[in-house]
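Participant: Kindly generate the corresponding structure for this input.
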Amino acid sequence: MASTGVHSLDDTDRRIIAILQADGRRPYSQIAEELAIPASSVRFRVQRLEESGVLQIVGIANPLTIGFDRFAMIGIRVRPGTASEVCRALRELPETSYVIMTAGQYDVMTEVICRDTGHFTDLVNRRMPLIDGIVSTDSFFVLEVHKLAYGWGVQGVEASLLAAPEAPAGARIDRRG
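Facilitator: Numbering: from 1, shown residues only. Take a look at the predicted model:
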């Protein structure tokens, strides 16, 4: 999903998002009770957040545990001026779960999930080179997943950053945010 800018969220929106990030199957009636608002308000707010692209409720599975043996990040270098078009083409591939334009060594990064080595090889060596603008790729296979988290941006995240342990004496860390 492409960024469409900052959306105006109030405290209730943020709290609903935080609750659903922790448990996307939580009934609206329970959320309403916790927030002391009508369930119809929760239903309306969730629908508005989904329609505006702020919120998407999905089931997340660890691909390595459900039969997909090739889970990889791919760093992609592109011809100057083609990064947006390359991102649009990559997001149409069924194997991509994450496509971002970046600054640094790679112009684009994508996360891909493939059934096996043959599937990955076909993607990287046959299909991706057909995308106009791609100059080169570097693949990074995921060996183990130690954290899949999607609870950023609302409640708790900011607090966890504030509660982070202090840096060792003499360390230079910019905490201006």
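Participant: correct me, but I134 touches I76?
Facilitator: Yes. Here I134 reaches I76: they are 5.9 Å apart, a contact under Cβ atoms under 8 Å. Quick note: C-beta positions are derived from backbone N, CA and C, even for glycine.
Participant: domains in the protein, as residue ranges please.
Facilitator: The record's domain split for the chain, according to automatic domain parsing, is 11-51, 63-141.
Participant: the strands in this structure, which residues?
Facilitator: In the chain, the strands defined using DSSP state E lie at 70-78, 96-101, 108-114, 134-141.
Participant: looking at these, which is buried most?
Facilitator: The highest average neighbour count among these, using mean count of other Cβ atoms under 10 Å, belongs to strand 108-114 at a mean of 21.
Participant: so which of the strands of the chain comes closest to Q56?
Facilitator: strand 96-101 (12.7 Å; Cβ to Cβ).
Participant: Parallel or antiparallel, which strands does the closest one pair with?
Facilitator: Strand 96-101 has its sheet partners listed here by DSSP bridges as strand 108-114 (antiparallel).
Participant: Please give me every residue in contact with the closest residue to H119 other than its chain neighbours.
Facilitator: Counting by Cβ to Cβ, 6 or more residues apart in numbering, R70 is the residue found nearest to H119 once chain neighbours are left out, at 6.7 Å. Residues near R70 by Cβ atoms under 8 Å, 6 or more residues apart in numbering: V112, I113, C114, R115, D116, T117, H119, F120, F141.
Participant: looking at this structure, which helix or strand is least sure?
Facilitator: The helix or strand with the lowest mean pLDDT-type score in the chain, counting by mean pLDDT, DSSP states H and E, is helix 157-162 (a mean of 41).
Participant: from the chain's centre, how far out does stretch 58-69 sit?
Facilitator: In this view, stretch 58-69 has its centroid 15 Å away from the chain centroid, taken as Cα atoms, centre = their mean, to the nearest Å.
Participant: And the average pLDDT for it is what?
Facilitator: Mean pLDDT, stretch 58-69: 73.
Participant: try stretch 111-120
Facilitator: Per-residue pLDDT values across stretch 111-120 average out to 92.
Participant: for stretch 136-153, same thing?
Facilitator: Computed over stretch 136-153, the average pLDDT equals 80.
Participant: tell me which residues form a beta bridge with the most centrally placed residue in the chain?
Facilitator: For the chain, Y98 is the residue whose C-alpha lies nearest the centre (Cα atoms, centre = their mean; 6.2 Å). For Y98, the beta-bridge assignment (DSSP bridges) gives partners E111.
Participant: Is it in contact with T110, as I believe?
Facilitator: Yes. Judged on Cβ under 8 Å, Y98 makes contact with T110 at a distance of 6.4 Å.
Participant: Thanks again, I'm all set now.
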